[in-house]
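[1] need coordinates for the following:
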Amino acid sequence: MELDKNKFSLAAAATLGVVYVVCAIVVAIAPEFAAQLMSWLTHLVNLEARVVGFPGVIYGFLQVVIYTYVAAWLFAWLHNRFIKKP
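    The predicted structure follows:
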């Protein structure tokens, strides 16, 4: 089954966009807890909590959506190439 690269990439980018917004809300509500979660996730010992604000949230959101779209497009392209190989 061949994937539609654009539809797959848009769905992945939209999904990560939603995850980013939820994450930004958690950081805004509980910055210390969010910093602790991030330090666990990235194996950092000293992660300084930062305040989420405008326009930083927008910049981060756009980065997540663009990076996810590009990565998902590449994934779909590779997937389609691999399924065509004998």
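[2] all contacts plus neighbour counts: C-alpha atoms, from now on.
    OK.
[3] count of neighbours near residue 2?
    12 (other Cα atoms under 10 Å).
[4] mean confidence score for the longest helix along the chain?
    As assigned by DSSP state H, the longest helix anywhere in the chain is helix 56-84. Mean pLDDT, helix 56-84: 88.
[5] state the distance from the closest residue to residue 21 other than its chain neighbours to residue 80.
    Nearest non-adjacent residue to residue 21, counting by Cα to Cα, 6 or more residues apart in numbering: residue 61, 7.3 Å away. Counting by Cα to Cα, to the nearest Å, the gap from residue 61 to residue 80 is 28 Å.
[6] quick revisit: list the contacts for the residue nearest to residue 21?
    17, 20, 21 (Cα atoms under 8 Å, 6 or more residues apart in numbering).
[7] so which of these belong to helices?
    Going by DSSP H, the helices hold 17, 20, 21 from the contacts of residue 61.
[8] next one: residue 54 from residue 16, what distance?
    Distance from residue 54 to residue 16, by Cα to Cα: 19 Å.
[9] pick out whichever of the two has more residues nearby.
    A direct count of neighbours by other Cα under 10 Å for residue 54 and residue 16 places residue 16 higher, at 19 against 8.
[10] give me the pLDDT for that one.
    For residue 16, the predicted pLDDT is 88.
[11] is it true that residue 20 touches residue 64?
    Yes - here residue 20 lies in contact with residue 64, judged by Cα atoms under 8 Å, at a distance of 7.2 Å.
[12] overlap in contacts, those two.
    With Cα under 8 Å, 6+ apart, residue 20 and residue 64 have no common neighbours.
[13] which residues touch the helix or strand hosting residue 14?
    Here residue 14, judged by DSSP states H and E, is contained in helix 5-29. Residues from elsewhere that reach helix 5-29 (Cα under 8 Å, 6+ apart): 33-35, 51-52, 57, 60-61, 64-73, 76-77.
[14] great, nothing more from me.
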